[in-house]
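J.: Coordinates for the following, if possible.
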Amino acid sequence: MKKFKSIGVIVVCMLLSALLTFQITHYVLHNAYKRELNEAYEGLAQYNKLLEVDGLFRNLYVKELDEDALMDGIITGYVYGTGDAYAQYYNAESFATYMESMNGDMQGIGIYVTFNAEYNAIEVLNVMPDSPALAAGVEPGDLIIYVGEGDETQSVAELGYYVALTKLQGEAGTKAIFTVARGKDYAERKSFSILRGFVTEQTVMHHVCTVDPSVGIVKILSFDAKTPQQFADAVNDLLGKGCSGFVFDVRNNPGGELNSICTILDALLPEGPVIRTLDRDGNEEVVYTSDKDAFALKMVVLVNENTASAGELFCSALQDYKLAPIVGVQTYGKGSMQTIRQLSDGSGVSVTYRYYCPPYSDNFDGVGVKPDVVVEAEGALLEKNIFKVTDEEDNQLLAALAELRK
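T.: Residues are numbered from 1 along each chain as shown. This is a model prediction of the structure:
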């Protein structure tokens, strides 16, 4: 009988323990659920003002609301309000265009242009290889003075640079119609009607230095999927022309695709890390390493205040390995990475999600990369478009050549 009682006591204790455990668990879960509800309510409450404004416009605005434009504006405002300086919202059309550009492909006739203030015209700086413009006979130095044809012909001076530029742009299969001035005193006129197509963006330009023919100049405009091959082709072409030293010019290079810059650095660096990343918790990861195969090149890198992101990683990696002195001025200071995600309707959003660091030195976000040789831009570099500055006029390039000779 006593044994039975002791068993009963144990059972009762077990039941009480289970009940107490259940009550504690229920309390914890209930309060956690309440906290989640409160947080969700507080989050929703933040949007009450938006709902108020929406109601005002729907009840009072004299015009009909464009729901698509309204949503694009709301998301654009949200992205801006996060404080992420490099985040961006792309509607479906601009997202598709952006992804094409990152692949190195674009639609158009294939020209690089700038505004010529003296003639109020669009000046052709360069013509892309294998482009509709090249096949049609457009030449560097041409001044586009009219766009359109017949009664719809308008002068660039009348329209303004940016409006006229939009009339030159368009989808593959449509025509770009314009008139250029060329020749002595731009007295010659030539009209073009060019069928737009898909062209590969030329992100690398190169030439044999006119000051020192033993030096090859390789200018990297940005980094996209086609840049590594264009870079390798440029280096090999200059080597074939007898160049024994190289100046890599990343002035005004805004950066670009991570895989692109890592592939190029892999060809230049010895075995070792290429890029390290830091997440928001400070966790570090080496995300790309170089193999032991590398170009054995005598190099100098040119930078300026507009060299940013992957352009800064390019020069800082070569600096870390002591492979190339950096000449110019302090760079921009963008050492963060963005990821771009497509949304369900075909639009997209880019978000800053990591910092990246050179192989061995510190992250340069907000700081920039300090050149080994500081040389401020002077003379023609301040007075002309950088594409139109000759080697002889480029004081930063001349300083880079002096470094190569050391």
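J.: hmm, who's touching the one helix or strand Ser101 maps to?
T.: Using DSSP states H and E, Ser101 maps to helix 92-102. With contact meaning C-beta atoms under 8 Å, 6 or more residues apart in numbering, helix 92-102 is reached by 90, 106-107, 201, 224-225, 256-257, 340, 342, 345-348. The way it works is simple: take the backbone N, C-alpha and C, and place the C-beta from them, glycine included.
J.: One more: stretch 257-273?
T.: Here stretch 257-273 has contacts from 102, 223-225, 227-228, 231-232, 255, 274-275, 286, 288-295, 297, 299, 310, 313-314, 317-318, 321, 323, 337, 356, 359-360, using C-beta under 8 Å, 6+ apart.
J.: So what are the sheet partners of the following helix or strand past the helix holding Ser101 and their directions?
T.: Using DSSP H and E, the helix or strand that follows helix 92-102 towards the C-terminus is strand 105-108. With DSSP bridges as the test, strand 105-108 is paired with strand 197-200 (antiparallel).
J.: Export only the CA atoms of the strand it pairs with, formatted as CSV.
T.: This file holds the C-alpha atoms of strand 197-200, laid out as CSV (Å, rounded to 0.1, in the frame of the first residue of the first chain):
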residue,chain,number,x,y,z
GLY,A,197,21.3,46.4,-83.5
PHE,A,198,22.9,44.5,-80.6
VAL,A,199,26.4,45.6,-80.0
THR,A,200,29.2,44.6,-77.6
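J.: so for that strand, what's the average pLDDT?
T.: Confidence over strand 197-200 (mean pLDDT, whole number) is 87.
J.: Show me which residues of that strand are buried.
T.: Neighbour counts using 16 or more other C-beta atoms under 10 Å place 197, 199-200 of strand 197-200 among the buried residues.
J.: How about residues contacting that strand?
T.: 104-110, 128-132, 172-173, 226.
J.: Which among the contacts of stretch 257-273 count as buried?
T.: Buried among these (16+ other C-beta under 10 Å): 102, 223-225, 227-228, 231, 255, 274-275, 288, 290, 294, 297, 299, 310, 313-314, 317-318, 321, 323, 337, 356, 359.
J.: residue boundaries of the strands in the stretch 101-250 of the chain?
T.: 105-108, 111-116, 121-127, 143-147, 154-155, 175-182, 188-195, 197-200, 204-208, 215-220, 245-249 (DSSP state E, counting those that start in this stretch).
J.: And the pLDDT for the most centrally placed residue in the chain?
T.: In the chain, the residue lying closest to the centroid (C-alpha atoms, centre = their mean) is Gly256, at 3.8 Å. Gly256 carries a pLDDT value of 88.
J.: Please apply the same query to Leu37.
T.: Here, the pLDDT recorded for Leu37 equals 48.
J.: Also Cys13?
T.: pLDDT at Cys13 comes out at 44.
J.: How about Val303?
T.: In this model, Val303 carries a pLDDT of 98.
J.: With His26 instead?
T.: 47.
J.: So which bits of stretch 82-102 are buried?
T.: So stretch 82-102, judged by 16+ other C-beta under 10 Å, has buried residues 87-91, 95, 101-102.
J.: And for stretch 276-284?
T.: Quick answer for stretch 276-284 (16+ other C-beta under 10 Å): 276-278.
J.: which residues are contacting stretch 240-248?
T.: Counting by C-beta under 8 Å, 6+ apart, 208-209, 212-218, 220, 235, 238, 297-302, 314, 324, 397, 400-401, 404 sit against stretch 240-248.
J.: swap that for stretch 277-294, sorry
T.: Contacts for stretch 277-294 (C-beta under 8 Å, 6+ apart): 262, 265-276, 337, 353-357, 363.
J.: Could I get the phi/psi values of Val211?
T.: phi -80, psi -40 (degrees, to the nearest 10).
J.: Within its local environment, how many residues does it see?
T.: Neighbourhood size, Val211 [other C-beta atoms under 10 Å]: 13.
J.: Please report how far it lies from Gly245.
T.: According to C-beta to C-beta, to the nearest Å, Val211 and Gly245 sit 12 Å apart.
J.: swap in Ile75?
T.: The value you get for Ile75 to Gly245, if C-beta to C-beta is used, is 49 Å.
J.: same question, Ser191
T.: 44 Å.
J.: Same check on Glu257?
T.: 28 Å.
J.: Please apply the same query to Phe95.
T.: In terms of C-beta to C-beta, Phe95 sits 42 Å off from Gly245.
J.: got it, and Ser94?
T.: Taking C-beta to C-beta, one finds Ser94 at 42 Å from Gly245.
J.: which stretches of this structure have low pLDDT?
T.: 1-45, 104 (pLDDT under 70).
J.: quick one, helices of it?
T.: Per DSSP state H, the chain carries helices over the ranges 2-45, 48-60, 67-81, 92-102, 132-136, 156-159, 161-168, 227-240, 258-268, 310-320, 380-383, 395-405.
J.: if we can go back for a sec, how about the residue nearest to the centre of the chain, what does it touch?
T.: 102, 203, 222-224, 227, 309-310.
J.: try Ser193
T.: 149, 175-177.
J.: Identify the bridge partners of it.
T.: Bridge pairing for Ser193 - DSSP bridges - gives Ile177.
J.: Can you give me the distance of it to Thr263?
T.: According to C-beta to C-beta, Ser193 stands 39 Å off from Thr263.
J.: Kindly report the same for Ala157.
T.: The value you get for Ala157 to Thr263, if C-beta to C-beta is used, is 43 Å.
J.: Then Ile220?
T.: Taking C-beta to C-beta, one finds Ile220 at 12 Å from Thr263.
J.: Compare those two and say which is more crowded by neighbours.
T.: Ile220 (26 against 19).
J.: pretty sure the more buried one contacts Gln202?
T.: No - Ile220 sits out of contact with Gln202 when judged by C-beta atoms under 8 Å, with a separation of 10.9 Å.
J.: related to what we said a few turns ago, tell me the buried residues within the contacts of stretch 277-294.
T.: Here, 16+ other C-beta under 10 Å leaves 262, 265-269, 273-276, 337, 354-357, 363 buried among these.
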